[in-house]
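> show me how the following folds:
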Amino acid sequence: MPEKIFTELSQIFKPQTIKSEITYYFSLGDMKKTVRLTPDSCLVEDGKTVENADCVCKTSPEFFLKIWDEGYRPGLKDFMSGTIKSNNPNELKTFLAAFGRES
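Modelled structure (predicted):
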């Protein structure tokens with residue numbers, strides 16, 4: 001199911017929701033994706049295609065679906081327990097907003 005979401009990202013991207021390029025790296029179990037957002041475009045690539053993404057997100061596919069489909073927003077407890085790991089949690093909010101998923 002997360003694979004389908006990443007396949008559709010470029011179609012549901014909301015242009016002009018970000019001000020400058022941001023790169024994301026998602027590690028969802030065995031699925032690894034790099035997402036490059038600019039103010040006008042969204043590019044999804046398989047695997048890790050950047051050395052240092054602006055935002056790294058590591059979690060289970062199930063937890064990602066809970067965020068994406070159910071509108072759940074991770075809290076401090078989720079980050080402290082390791083359910084979700086990120087070097088830049090604020091940019092995860094930006095990611096969601098870029099696809100109309102307000103945080």
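> I'd say C55 and K85 touch.
No: between C55 and K85 there is no contact under Cβ atoms under 8 Å: 11.2 Å. (Glycine included, C-beta is placed from N, CA and C.)
> looking at the two, which has the bigger crowd around it?
Applying other Cβ atoms under 10 Å to C55 and K85 shows that C55 carries more neighbours, namely 21 against 13.
> contacts only, for that one.
22-25, 86-88, 91-92, 94-95 (Cβ atoms under 8 Å, 6 or more residues apart in numbering).
> where do the helices sit along this structure?
Secondary structure of the chain by DSSP state H: the helices cover 2-12, 61-70, 76-81, 89-98.
> excluding residues flanking it in the chain, which one is nearest S27?
For S27, the nearest residue in space outside its immediate sequence neighbours is K58; the separation is 4.4 Å by Cβ to Cβ, 6 or more residues apart in numbering.
> quick one: that neighbour and S86 touch, right?
Yes: distance between K58 and S86: 7.3 Å, which falls inside the contact criterion (Cβ under 8 Å).
> relative to T17, how far out is the residue nearest to S27?
When distances are taken as Cβ to Cβ, to the nearest Å, K58 and T17 turn out to be 24 Å apart.
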